[in-house]
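Peer 1: can you look at this prediction? I've put the sequence above it.
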Amino acid sequence: MRGLIAVIVLAVLAAGLAFCLAEIPFGRDIGDVGGRYVEQGVQETGAANVVTSVVVGYRGFDTLGEVTVLFIAAMGLGAVLYGRRPSGGRREKPSLILSTGCRFLFPLIMVFGAYVFIHGHLTPGGGFQGGVIAASAFLLMYLGCGGKRIHRATLGAVESLAGLAFVIAGLAGLAVGGYFLMNVLPKGTVNQLFSAGIIPVIYIAIGLKVGSELAGIVENLLEVTE
């Protein structure tokens with residue numbers, strides 16, 4: 001029975017792959033897509049960072065899928081590790097270097113991570129990069145701050161609200177302009193912090209979501225010395 005189900009699933013996947021490949025215009029002239037992004041990206045999206053224009057503007061729906069994949073991976077890891085943690089034990093005392101570094105570097109790393117995803121539409125970086133930097137601060141906290149840990153409910157709330165903000169931003173574009181993730185806010189002046197319309201909002205949501213998800217993964221992988 002399992003073999004039959006596996007064959008059916010593979011057949012469906014193969015049919016879907018064949019359909020997708022048939023729709024890809026291999027060898028056909030589809031215009032200079034990259035040139036269009038470079039030449040008109042700033043004007044159309046208001047973001048000085050062209051990479052941001054592509055990731056959160058032209059292919060923002062794909063970025064939502066990437067965030068969803070990370071969420072599923074975090075949920076899967078939590079499900080695999082659920083109930084496998086030691087019920088008791090103690091954590092090894094961190095070294096002087098780790099404990100000192102934690103006290104001084106944790107707030108600086110968090111500020112830098114926030115700076116990266118808030119300014120993603122202006123400079124290299126963005127939500128994913130800033131979220132990873134923020135999560136590294138929590139890793140340092142777990143290793144060197146004497147057993148301090150962030151509340152799981154807080155991580156879950158931040159993650160859920162950030163994902164909801166992303167979806168609401170997309171639905172606002174759909175309601176106002178007719179397509180998902182349309183830039184419905186004023187684009188402002190290029191190279192200014194308050195510019196690029198909805199793009200900074202999306203990047204802040206991505207930064208918070210990625211940071212909380214990766215911090216949750218670190219929490220799940222935290223080892224306790226018995």
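Peer 2: Cool, got the structure. Numbers count the residues shown, from 1 in each chain.

Peer 1: ok, longest helix in this protein?
Peer 2: Looking across the chain with DSSP state H, the single longest helix is helix 152-177.

Peer 1: report the buried residues of that one.
Peer 2: 155, 158-159, 162-163, 165-166, 169-170, 172-173 (16 or more other C-beta atoms under 10 Å). Where C-beta positions appear, they are placed from N, C-alpha and C, glycine not excepted.

Peer 1: quick one: average pLDDT of it?
Peer 2: For helix 152-177, the mean pLDDT works out to 87.

Peer 1: tell me how far it lies from the chain's centre.
Peer 2: 12 Å (C-alpha atoms, centre = their mean, to the nearest Å).

Peer 1: name the helices or strands packed onto it?
Peer 2: Counting contacts by 3 or more C-beta pairs under 8 Å, 6 or more residues apart in numbering; DSSP states H and E, helix 152-177 packs against helix 60-81, helix 199-221.

Peer 1: pick the most deeply packed of these.
Peer 2: Across the helices and strands packed on helix 152-177, averaging neighbours per residue (mean count of other C-beta atoms under 10 Å) puts helix 199-221 on top, at a mean of 24.

Peer 1: and that helix, what other elements does it pack with?
Peer 2: Looks like helix 199-221 contacts helix 60-81, helix 96-118, helix 127-144, helix 152-177 (3+ C-beta pairs under 8 Å, 6+ apart).

Peer 1: how big is the angle separating it from helix 152-177?
Peer 2: 150 degrees (axes from the mean of the first three to the mean of the last three C-alpha atoms, to 10 degrees).
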